[in-house]
Each structure stands twice: as structure tokens, then as C-alpha cells.
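K.L.:
Give me a model of this one.
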Amino acid sequence: METIVMNLPVNAEGYLLDPNTWTREWAQEIAQGYGITLTDKHWAVIEWLRKKQSEGVALTIRKVGTSGITDIKEFYQLFPGGPLKVSSKIAGIPKPVSCI
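P.N.:
Take a look at the predicted model:
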């Protein structure tokens with residue numbers, strides 16, 4: 001079922017339906033909902049995720065950990081509670097296939 005979050009449609013799991021409608025302001029609001037204040041490191045990860053998703057790369061925690069931006073341990077610290085799911089929602093991209 002589709003719902004609206006900050007005037008943008010999301011699916012039943014809260015993922016933005018159209019990544020092209022994503023804004024940094026929207027990302028900040030979603031992050032706040034997770035108790036996350038976005039830092040430069042968060043933004044670097046988010047931008048990397050959006051770039052890779054637009055290139056058609058299948059995203060995994062391991063790929064983020066080898067991105068050169070962060071390692072896996074820090075990725076978990078940056079986005080607690082399921083780092084790839086949370087960071088993907090904030091980045092406004094679809095839920096990665098590797099997430100259950």
C-alpha cells in the first residue's frame with residue numbers, strides 16, 4: 001500500500017517510490033525519524049548509494065564496506081538498526097534485494 005511521507009509517495013515499507021523526487025531535506029526528515037543526525041560521512045554514504053543504484057549495481061553491506069567511504073563496522077554505527085535498509089530509505093532508493 002502506498003502512503004505519503006513529507007508530500008512524497010512511499011511504499012508500504014517506507015521506501016520512496018520515485019528516487020528522482022528525493023531531496024536532502026526529505027532525507028534529513030527520514031533520518032531524524034531514526035534518531036540520526038546526518039554528518040558529512042552519512043552524506044558521503046548516501047551519495048555513494050544513490051550513484052551505485054542509478055548505475056544498476058546490486059547493493060550489499062559488503063559493497064558499502066569496500067566503497068572506500070566507510071568500513072562495515074562504521075556503517076553499522078552510522079545507520080543503526082539495519083544499516084543498508086535504513087541508509088537506503090534515507091537515500092530514497094528502493095530496498096536492496098540483499099535486504100530481507
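K.L.:
any low-confidence regions in the protein?
P.N.:
Low-confidence segments of the chain, defined by pLDDT under 70, span residues 1-6.
K.L.:
Output the longest helix belonging to it.
P.N.:
Looking across the chain with DSSP state H, the single longest helix is helix 40-54.
K.L.:
got the CA positions of that helix in CSV?
P.N.:
Output in CSV follows, covering the C-alpha atoms of helix 40-54 (Å, rounded to 0.1, in the frame of the first residue of the first chain):
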residue,chain,number,x,y,z
ASP,A,40,29.4,14.6,6.2
LYS,A,41,30.2,10.8,6.5
HIS,A,42,26.5,10.0,6.3
TRP,A,43,26.1,12.2,3.2
ALA,A,44,29.1,10.5,1.5
VAL,A,45,27.5,7.1,2.0
ILE,A,46,24.1,8.3,0.9
GLU,A,47,25.5,9.9,-2.3
TRP,A,48,27.5,6.7,-3.0
LEU,A,49,24.4,4.6,-2.6
ARG,A,50,22.4,6.8,-4.9
LYS,A,51,25.1,6.7,-7.5
LYS,A,52,25.5,3.0,-7.4
GLN,A,53,21.8,2.4,-7.5
SER,A,54,21.5,4.6,-10.6
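K.L.:
what's it packed up against?
P.N.:
helix 61-65, helix 72-78, helix 83-91 (3 or more CB pairs under 8 Å, 6 or more residues apart in numbering; DSSP states H and E). C-beta here means a position set from N, CA and C on the backbone, and glycine is covered the same way.
K.L.:
Could you list the buried residues of it?
P.N.:
Of the residues in helix 40-54, 42, 45-46, 48-50, 52-53 count as buried by neighbour count, 16 or more other CB atoms under 10 Å.
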